[in-house]
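Participant: 3D, please:
(one chain, ligands or ions: 1)
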Amino acid sequence: MSEKFYVTTAIPYVNSTPHVGFAMELVQSDVLARLMRLQGKDVFFLTGTDEHGLKIHEAALKQGITALELCDKNAVEFVKLTEKINATNDYFVRTTNQKHIDFVQDLWKKLEGKGDIEKRHYEGLYCVGCEKFISEKELEAGKCPVHFDEPKRVSEENYFFKLSKYTDQIRELIETEKVKVVPEFKKKEVLNMLDQIEDVSFSRPEESYKWGVPIPGDENQLMYVWCDALPNYISGVQGTDFWPADVHVIGKDILKFHAIYWIGMLLSAGYELPKTIMVHGFITSEGRKMSKSLGNVKDPFEYIEKYGADALRYFLMREIPTLDDGDFSAERFQIVYSEELANTFGNLVSRVFAMTGKYFDGIVPDRDFDDEWPAFVGQKWEKYLQNMRKYNFRCALEEYVELACAANKYVEDQKPWELAKTDREKLAGVLYNLLELIRHLNLMLAPFVPVTFSKVLKAFDAEVIVENVRAAKAEREWGQLKSGSKLNKIEILFPRIEIS
Ligand SMILES: [Zn+2]
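Facilitator: Residues are numbered from 1 along each chain as shown. Next up, the predicted model:
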């Protein structure tokens, strides 16, 4: 039995089309899923959409359709993104699915059975844009700092979840990293937040929330977003034994709900706990906050259409710091694409394959001498894997870039086209080394640019390599490429793209 690995994205709210920030989260999760599959693990990768709440109800009213029709319409866009970006999710959960609804109602009963649910009178300010209660302290000039709207004053009956009962237990779990929050500075944020945690409202009256899962035994109350959405991580793998999650990949704005609310719910209901919560930052566009009014929203579909999914995936993983905020600039996209993919890798592959074709009829020549490569490549792998383990994809790719640059320099230093006239034997050794370097580079790129990875794999004696690639450890050894095997034709990996 192989080891299990379960990774999730957060589930975005379906009131608009997919954001590039979600595209990044999807790719981060997919990189982990692919990496673990390469290591032979049995992987489950879950994503989906969060579909209840007043905002959906109101948006649907405006469009003259039902809330569910609106969800159906928008969820399609998110599913389309998973496909276009080559995410290998095993399931796409929608919180309007009956299977999910049954699960959260059952979970509710567990919390209630534990004595952790209580009906209370609640008065407060509510921002519909945020779909949450907001405190006086958070307001700026009487308005929500995110939506610049005046919140509604609400006075109603709510069911509360007694979260404060669990704060000490949660603090210990976070401190001891039994539930690990990555990066470290986010762990500290959670510990600070725990000082101010109170019981939380887990329901809203039907007449004010309109669109949600009914509370078992009280149809006049609907479940509030966190109580409905967070359990998708379990409802989505029902019938399997994948829970608990190894990694929840989330944005920094929902850290509190994952590291505190969710853990509290699981403790109350008696479920196992997720092992790691990996927190990414926000993406700005051309140095400014992305907004429709500024007209600087980056559309993931547009970039995929123009450059291909691999290019967008690589850029998001390489340019945006994995665990912090970053900027998406069109100019940087062009530079990263042409320098780190087209020139450094694409050109190297086509040159080396062409030379092997010309001088050795496309047959992998004999391994003759290794220079410093085995040691150097070994070091690169070590650092690459260290960074991958720390969820620092950007730095892992730095190792790829350095190795690719070294391979290019080797071509310039050795000048195979001159060796072809003077020293056939050395030429064979040099080309062997270059082909073997390409194989390693491709393996490093595998979780990031899967389309390219497959193209290069097919160009090698694919059968041999595909079979072995699951034993990634052996594949990381120097000299696995078989002399005498025939190379296939290589496609152009990263075509030149004109700047419009
Ligand atoms: Zn707001």
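
Participant: Which of the three states applies to residue 267?
Facilitator: helix (DSSP: H, G, I helix; E, B strand; the rest coil).

Participant: Sorry, slip of the keys, the one I care about is residue 239.
Facilitator: With three-state DSSP as the criterion, residue 239 reads coil.

Participant: what's the pLDDT at the residue lying farthest from the centre of the chain?
Facilitator: Using CA atoms, centre = their mean, the residue of the chain lying farthest from its centre is residue 422. It sits 50.4 Å away. Looking at residue 422, its pLDDT stands at 97.

Participant: Quick check on whatever residue of the stretch 151-300 of the chain ends up closest to the ion: phi, psi?
Facilitator: Nearest to the ion, among the residues of the stretch 151-300 of the chain, is residue 151, at 7.2 Å (CB to the ion). No exception for glycine: its C-beta is placed from N, CA and C like everyone else's. The phi and psi torsions at residue 151 (degrees, to the nearest 10) take the values phi -70, psi 160.

Participant: Report the contact partners of the nearest residue to it once chain neighbours are set aside.
Facilitator: Nearest non-adjacent residue to residue 151, counting by CB to CB, 6 or more residues apart in numbering: residue 125, 3.9 Å away. By CB atoms under 8 Å, 6 or more residues apart in numbering, residue 125 lies in contact with 133, 134, 135, 136, 139, 151, 152, 153, 154.

Participant: Next: residue 16.
Facilitator: Contacts for residue 16 (CB under 8 Å, 6+ apart) come out as residue 74.

Participant: same check, this time on residue 133
Facilitator: 124, 125, 126, 127, 154, 201.

Participant: try it again with 7 Å
Facilitator: 124, 125, 126, 201 (CB atoms under 7 Å, 6 or more residues apart in numbering).

Participant: same deal with residue 291?
Facilitator: Contacts of residue 291 by CB under 7 Å, 6+ apart: none found.

Participant: Would you mind pointing out the helix or strand it falls in?
Facilitator: Under the criterion DSSP states H and E, no helix or strand holds residue 291.

Participant: need the residues of the chain near the ion, please.
Facilitator: Within the chain, the residues that sit near the ion (CB under 5 Å from the ion) are 127, 129, 130, 144, 146, 147.

Participant: name the element the third one belongs to?
Facilitator: In this structure, residue 130 sits in neither a helix nor a strand according to DSSP H and E.

Participant: Around it, count how many other residues there are.
Facilitator: Using other CB atoms under 10 Å, residue 130 has 17 other residues around it.

Participant: Quick check: it vs residue 443, distance?
Facilitator: 44 Å (CB to CB, to the nearest Å).

Participant: I'd like the next helix or strand past the lowest-mean-pLDDT helix or strand in the chain.
Facilitator: Here the helix or strand of the chain ranked lowest by mean pLDDT, DSSP states H and E is helix 462-468, holding a mean of 52. The element immediately downstream of helix 462-468 (helix or strand, assigned by DSSP H and E) is helix 472-475.

Participant: unless I'm mixing things up, residue 186 is touching residue 280, no?
Facilitator: No: counting by CB atoms under 7 Å, residue 186 does not reach residue 280; the two are 9.8 Å apart.

Participant: what residues do the two have in common as contacts?
Facilitator: Joint contacts of residue 186 and residue 280 (CB under 7 Å, 6+ apart) are residue 252.

Participant: more neighbours, the two?
Facilitator: More neighbours surround residue 280 than the other of residue 186 and residue 280, with 25 against 21 (other CB under 10 Å).

Participant: Across the sheet, point out what pairs with the more buried one.
Facilitator: Beta-bridge pairing for residue 280 (DSSP bridges): residue 251.

Participant: Quick check: the gap between it and residue 122.
Facilitator: 33 Å.

Participant: same deal with residue 453?
Facilitator: Residue 453 is 53 Å from residue 122, by CB to CB.

Participant: which of the two has more neighbours?
Facilitator: Set residue 453 next to residue 122 and count neighbours by other CB under 10 Å: residue 453 wins out with 20 against 17.

Participant: For the more buried one, list the residues it contacts.
Facilitator: 442, 445, 446.

Participant: For the ion, what is the nearest residue in the stretch 351-500 of the chain?
Facilitator: Taking CB to the ion, the stretch 351-500 of the chain has residue 391 as its residue nearest the ion, at 29.8 Å.
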